[in-house]
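Student: quick one, what's the 3D model for this:
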Amino acid sequence: MADPVREQLLILFSTPLYIIIIGLELLLSHLQHRKLYSWKDTVSNVYLMLLNATIDLSFRVIYVAILVHVFDHQLFSWKMGVSYWVMLLLAEDFIYYWLHRFDHEIRLFWAVHVTHHSSAHMNFTVGFRSSVFQPLYRFIYFIPLAWLGFKPLDIVFIYSATQIWGIFVHTDLIRKMGWLEYVLVTPSHHRVHHASNPKYLDKNMGMFLIVWDQLFGTFQPELADEEYQEKKYGLTKPVERPSPVNLIFHEWLEIRKDLCRRDISWREKWFYLFGPPGWSHDGSRRTSRQLQENEELSSRPEQELLPR
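Tutor: So this is what the prediction gives:
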């Protein structure tokens, strides 16, 4: 099938699906008297999606050309068939796991990705709350796939197709999905990912398959509120002024403040840019791991903390 036709069919399939699932979610949330949506937040989600799509489409010719250049020097030649698409799906999903993980663990990239996590709601439209500038560097992670012999437009297509599933998992209405919880990223897994409770921070990074999180130590099942605590969505420190511009650039402004300090070394400035979000030279802030360690210590019985 011709690549443009394939992309158009994907859009024709996904667009009415999105409309249907968002409409059903709105109806169910109304019937269940649950405030899953706010107009201001939904408008922000659409606004960020449109900005991301504009940058992605504007830059697509350039990054596809780069992938084509790499593909011309491919290591392997694949025979088209089911095995080709299965291997591409696995490879792309594996690559995306690391892209997503680095977006959370390196502050420079977190400054881009943070917009996706700044909503205090969990609904299907949050899936469209895109990391606006991610298309400018996302293709770099896909260069190895082109080098391994996967066609550039096939890489783009598979990424777009898995994104459909990535939208679907942004909901608070679908409970656990049985045996699929052991294989796929589900709404239950992704609720954990969007929660700002310490135990849930930087967990469940996968897009389609949950196996990467299980293999690389970032998996966390969703716990009942009685077993842990009620999930709180959004950032550990909410955006103070969620204006259209500040939603995108608030973390960049914080980075600028840190880099302009005159009382810190160049090494410390490096960590403010490439260290984990929340790192500070004086310990005045906390990274995800530090918040988790603090929570674990505070939950231990008092006798365990006494010196022996």
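Student: quick one: secondary structure of the residue nearest the centre of the chain?
Tutor: Among the residues of the chain, the smallest C-alpha distance to the mean C-alpha position (Cα atoms, centre = their mean) belongs to residue 100, namely 5.4 Å. Reduced to three states with DSSP: H, G, I helix; E, B strand; the rest coil, the structure at residue 100 is helix.
Student: ok, for it, nearest residue in space, not its chain neighbours?
Tutor: Nearest-residue entry for residue 100: residue 205, 4.5 Å, with adjacent residues in sequence omitted and distances by Cβ to Cβ, 6 or more residues apart in numbering. From N, CA and C alone the C-beta is placed, and that goes for glycine too.
Student: and the longest helix seen in the chain, what's buried?
Tutor: As far as residue count goes, and with DSSP state H defining each element, the longest helix of the chain is helix 39-71. Residues 41-42, 44-45, 47-49, 51-52, 55-56, 63-64, 66-67, 70-71 are the ones in helix 39-71 that count as buried (16 or more other Cβ atoms under 10 Å).
Student: repeat that for stretch 11-20.
Tutor: Within stretch 11-20, the residues that count as buried by 16+ other Cβ under 10 Å are residue 18.
Student: what's the answer for stretch 148-161, then?
Tutor: By neighbour count with 16+ other Cβ under 10 Å, stretch 148-161 contains the buried residues 148, 150-159, 161.
Student: where does the stretch 1-150 of the chain dip in pLDDT?
Tutor: In the predicted model, the stretch 1-150 of the chain carries pLDDT under 70 at residues 1-4.
Student: could I get the full set of helices for it?
Tutor: For the stretch 1-150 of the chain, the helices identified by DSSP state H, counting those that start in this stretch occupy 3-31, 39-71, 82-105, 107-117, 138-147, in order along the chain.
Student: got the angle between the first one and helix 39-71?
Tutor: When you say that, I think you mean helix 3-31. In terms of direction (axes from the mean of the first three to the mean of the last three Cα atoms, to 10 degrees), helix 3-31 departs from helix 39-71 by 160 degrees.
Student: quick one: list the elements packing against helix 3-31.
Tutor: Packing partners of helix 3-31 (3 or more Cβ pairs under 8 Å, 6 or more residues apart in numbering; DSSP states H and E): helix 152-168.
Student: now do the shortest one
Tutor: Helices and strands touching helix 138-147, by 3+ Cβ pairs under 8 Å, 6+ apart, are helix 39-71, helix 82-105, helix 152-168.
Student: what would those helices look like in CSV with distance to residue 180?
Tutor: CSV is the format used below for the helices and strands packed on helix 138-147 (distance: least, Cβ to Cβ, whole Å):
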stretch, distance to residue 180
helix 39-71, 26
helix 82-105, 15
helix 152-168, 11
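Student: between those, which one is closest to residue 197.
Tutor: When the helices and strands packed on helix 138-147 are compared by Cβ to Cβ, helix 82-105 sits nearest residue 197, at 15.2 Å.
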